[in-house]
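> Sequence and predicted structure are below.
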Amino acid sequence: MEVPDIYKHRIKGHTSTFYVPNFITEAEEEYLTRKIVESSQHKWKNLANRRLQLWGGEVTPNGILLSQPMPSFVDKYPDIISRLRDMGAFQNSPHGAPNHIILNEYLPGQGIMPHQDGPRYHPVVATISLGSHCVFHYYQYKTEDGHVTKEPSSVPDGEGKSIDSTPVLSVLLERRSVVISSGYMYTDRLHGIQEAEEDFINCVPAAETPMDSCSRFGIGNFDLLGDEDMKQAIEKGEPLKRETRYSLTCRDVGRVSKANHLFCT
Ligand SMILES: O=C(O)CCC(=O)C(=O)O
Ligand SMILES: [Fe+2]
């Protein structure tokens, strides 16, 4: 499979966010999904509204990865790790490629609250979607006087800050796609997925909405979408029904410990 060049896939108006449709093939999606569905129950961690698995090891509260081998279905077939490395998604990260993956499972109706992934990771995350689309929203904090922040880094660490409920960017994540969030989108913005069984993409062309002049239909990546049927459904204003979705959120942890020897790489 030809490796995509990340810079061709930048979301207009957002210098540090990239969207690549069909990052993995249908056969790879089917294989990966089967491996996930067949994985043993004890690998899952159950949260209140979704469950997840950690691949590549656990990260300590101090931000050290207690490294474990990745499953072969992310570094042999399909070799997602090398594909991400080769496309340049992690070109400035300590290892040039992800060494840790959080797999999330969402049933229709499940989502994730707006949050930041925090300083334990190098500020880039590549999120691959399997099985279903979803709509990924990025948000900004309000300042203490209630206004939104204009400049990246103008608000310190987000704890306790209130969040502006109007997204700064919404991205439709098709199944088999990857979205890459880096730079200020990682360090200064939040991201989340609303709890919904179907998604209604706003059909008002953004030229008529003041929020973001670069987005069409309320999403910033309409022009980058790969699935013509989905584009037509959006143009017709049809709701997009969610199925069970698996997300592979790939990250690079700078500090790694193997076999109980702590060292920095
Ligand atoms: O599932 C997703 O697409 C996002 C998950 C996420 O934000 C996270 O695991 O930190
Ligand atoms: Fe996250």
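Cool, the structure landed. Worth saying up front: this structure is predicted, and the values here are computed from it rather than measured. Ligands and ions are numbered 1, 2, ... in the order given.

> Spatially, what comes nearest to the closest residue to ligand 1 within the stretch 151-265 of the chain if we skip its sequence neighbours?
Closest approach between the stretch 151-265 of the chain and ligand 1, counting by Cβ to the nearest ligand atom: Ser247, at 3.2 Å. Quick note: C-beta positions are derived from backbone N, CA and C, even for glycine. Ranked by Cβ to Cβ, 6 or more residues apart in numbering and with sequence neighbours excluded, the top spatial neighbour of Ser247 is Asn104, at 4.6 Å.

> I'd like the distance from the one you found to Leu172, if you could.
18 Å (Cβ to Cβ, to the nearest Å).

> Tell me which of those two has more neighbours.
Leu172 (28 against 18; other Cβ atoms under 10 Å).

> Now name the helix or strand holding the more buried one.
Here Leu172, judged by DSSP states H and E, is contained in strand 169-173.

> helices or strands up against that strand?
On a contact count with 3 or more Cβ pairs under 8 Å, 6 or more residues apart in numbering; DSSP states H and E, strand 169-173 meets strand 17-20, strand 134-139.

> 6 Å instead, please
strand 134-139 (3 or more Cβ pairs under 6 Å, 6 or more residues apart in numbering; DSSP states H and E).

> host element of the closest residue to Lys43 other than its chain neighbours?
In space, and not counting its chain neighbours, Lys43 is closest to Gln53: 5.0 Å by Cβ to Cβ, 6+ apart. Assigned by DSSP H and E, Gln53 belongs to strand 51-55.

> Sheet-wise, list the partners of that strand with their directions.
For strand 51-55, the paired strands and their directions (DSSP bridges) are strand 45-46 (antiparallel), strand 100-106 (antiparallel).

> now the ones you listed as CSV including distance to ligand 1?
Formatted as CSV, those follow (distance: least, Cβ to the nearest ligand atom, whole Å):
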stretch, distance to ligand 1
strand 45-46, 12
strand 100-106, 4
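
> right, so of these, which gets closest to Gly192?
Gly192 lies closest to strand 100-106 among those, at 12.0 Å (Cβ to Cβ).

> who touches that closest one?
50-53, 55-56, 65, 245-251, 253 (Cβ atoms under 6 Å, 6 or more residues apart in numbering).

> what sits against Gly57?
Counting by Cβ under 6 Å, 6+ apart, Gly57 touches Leu65, Leu66, Ser67, Gln68.

> I'd like those written out as a markdown table, with distance to ligand 1 and pLDDT added.
A markdown table is the format used below for those (distance: Cβ to the nearest ligand atom, whole Å; pLDDT from 0 to 100):
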| residue | distance to ligand 1 | pLDDT |
| --- | --- | --- |
| Leu65 | 16 | 98 |
| Leu66 | 18 | 97 |
| Ser67 | 19 | 97 |
| Gln68 | 18 | 96 |
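
> which among these end up buried?
Leu65, Leu66, Ser67 (16 or more other Cβ atoms under 10 Å).

> Of those residues, just say which sits nearest to Met113.
Nearest to Met113 among the buried ones among the contacts of Gly57: Leu65, at 24.7 Å, using Cβ to Cβ.

> That closest one looks like it's in a helix, true?
No. Counting by DSSP: H, G, I helix; E, B strand; the rest coil, Leu65 is not part of a helix but strand.

> which non-adjacent residue is nearest it?
Leu65 sits nearest to Val253 (Cβ to Cβ, 6+ apart), 3.9 Å away.

> Pull the number of nearby residues for that neighbour.
25.

> and it, what pLDDT?
For Val253, the model assigns a pLDDT of 98.

> quick revisit: now that we have the contacts of strand 100-106, which one has the most neighbours?
Cys250 leads the contacts of strand 100-106 on contacts (other Cβ under 10 Å) with 27 neighbours.

> Could you double-check that that one lies in contact with His95?
No. In this structure Cys250 lies outside contact range of His95 using Cβ atoms under 6 Å: 11.5 Å.

> related to what we said a few turns ago, now the residue nearest to Leu65: how far from Asn104?
The separation that Val253 has from Asn104, given Cβ to Cβ, amounts to 18 Å.

> give the contact list for Tyr19.
By Cβ under 6 Å, 6+ apart, the contact set of Tyr19 is His9, Ile11, Val171, Val179, Asn221, Leu224.
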